[in-house]
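Q: generate a structure from the sequence data that follows.
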Amino acid sequence: MPVINRIADFHPEMTAWRHDFHMHPELGFEETRTAGIVASKLREFGCDEVHEGIATTGVVGVIHGAGGANGKAVGFRADMDALPIEEATGKPYASTIKGKMHACGHDGHTAILLGTAKYLAETRNFSGTVHVIFQPAEENLGGGGAMVREGLFERFPMQRVFGLHNWPGGERGTFLWKEGPMMAAVANLEIEITGKGAHGAMPHQGNDPIVVAAAIIQAMQTVVSRNMEPVDAGVITIACIQAGHTYNVIPSGVRMMGTARWFLPEVGDLLEARFHQLVRGIAESFGCTAESRFMRAYPATVNDAESTRLAIPAAAAVVGADKVKELPKPTTGAEDFSFMLNACPGSYLFLGGEGAASLHHPLYDFDDAILPVGASFFATLAEQLLPK
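A: The predicted structure follows:
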């Protein structure tokens, strides 16, 4: 079966929603306009319940199938927030808000789930309950975790939860799945080195924190290459160095920022321990002091095997089995749907779409052709998991 005909019928409507969200991007926990439109649409569609204000701007719609609720339920999640990026696409529907744009496709994800809700509320061709979860603040602020902490799964009990993310550069309409780790855990790193400033021509009169920073950066590369088991995956990257202001003055301090990624919990613990040891030990050996912060943000996104196996047939029903493929290896990107998967069995899939730019790029734009594909996947999955 291809894209559901009824969903194909309102493809233009879904595209219009997506373009409207794209023109009016909102950052994490600020999605008041987006959330208001989502809630209004869900009521317009005839959802049985619409709950607003979860984790500040989150929205959950409740749709009962034929015969009403019976204790069986699934959830589908979309993220709503944009990024602090200046758009450069030149599209007619480009962002109207300076310094903000939907550079990750959350506008498309929201439109997909609205299309799903419209179809399911209209047809009710399932038995049980579907929860459509519109999440705020996926980008760096952990809105998924906030929804879980505010009792998402206690207020809306479900046996499984599913998410979907567009994958630019992938073949249009191809679903990518993986059992187990799909995306990495992430920590934000900060280092503050304090030395003693001096004239650049007389370095012996100071304690140069820039030399310390260079030694720390070099040593960090040994954590993965010499402390971790070679078959495990992990990375530490220093991505920002701030120090000094002119040619010939050694500053008194250096600030660095970076990121760490991993899949296995024990690898994260190792990265954290060695990070602190190296920063403080190296600084002390040079006669300086240092503060190090390893701030865990998102856990790894780990797909439940059974839920993933249940999702594959729904994807195949929409696009054909030849376009449903296993992701060869997990990605070290991060995703806060991980908080939901830690609290409820479920699975997270990628959906390929065409485009000239990658995620988080000023030229990125969501591929509108996959809107009905994503909505048909969620709708088909609901009907397969909750048969009448």
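Q: from here on, just use CA atoms for contacts and neighbour counts.
A: Fine.
Q: quick one: secondary structure of V148?
A: helix (DSSP: H, G, I helix; E, B strand; the rest coil).
Q: quick one: pLDDT of it?
A: Reported pLDDT at V148 in the predicted model: 98.
Q: how about it, what does it touch?
A: F339, M340, A343 (Cα atoms under 8 Å, 6 or more residues apart in numbering).
Q: quick check on the residues you listed: which are buried?
A: F339, M340 (16 or more other Cα atoms under 10 Å).
Q: could the contacts of V148 go into CSV alongside pLDDT and secondary structure?
A: Supplementary listing: those in CSV, determined by pLDDT from 0 to 100; DSSP: H, G, I helix; E, B strand; the rest coil:
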residue, pLDDT, secondary structure
F339, 98, helix
M340, 98, helix
A343, 98, helix
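Q: out of the contacts of V148, which comes closest to V161?
A: M340 (7.6 Å; Cα to Cα).
Q: the closest one and G143 touch, don't they?
A: No. The criterion here is Cα atoms under 8 Å, and M340 misses it with G143 at 10.3 Å.
Q: how about the helix or strand harbouring A16: buried residues?
A: Using DSSP states H and E, A16 maps to helix 11-23. Using 16+ other Cα under 10 Å as the test for burial, helix 11-23 gives H11, M14, T15, W17, R18, H19, D20, F21, H22, M23.
Q: which positions in the helix or strand following that helix come out as buried?
A: Counting by DSSP H and E, the next helix or strand C-terminal to helix 11-23 is helix 32-45. Residues T32, T34, A35, G36, V38, A39, K41, L42, R43, F45 are the ones in helix 32-45 that count as buried (16+ other Cα under 10 Å).
Q: how near is the most far-flung residue of the chain relative to its centre to D208?
A: Computed with Cα atoms, centre = their mean, the residue of the chain farthest from its C-alpha average is M202, at 48.7 Å. According to Cα to Cα, to the nearest Å, M202 stands 11 Å off from D208.
Q: with R172 instead?
A: 53 Å.
Q: neighbour count: the two, which is higher?
A: Applying other Cα atoms under 10 Å to R172 and D208 shows that D208 carries more neighbours, namely 25 against 19.
Q: show me the contacts for L363.
A: E87, A88, T89, A103, A356, A357.
Q: show the pLDDT at G68.
A: In this prediction G68 is given a pLDDT of 79.
Q: what is the neighbour count of it?
A: 14.
Q: how about the one 4 residues further on?
A: Neighbours of K72 under the rule other Cα under 10 Å: 15.
Q: just after the helix or strand hosting P313, pick out the following helix or strand.
A: With elements taken from DSSP H and E, the one containing P313 is helix 305-319. Next helix or strand after helix 305-319 toward the C-terminus (DSSP H and E): strand 324-326.
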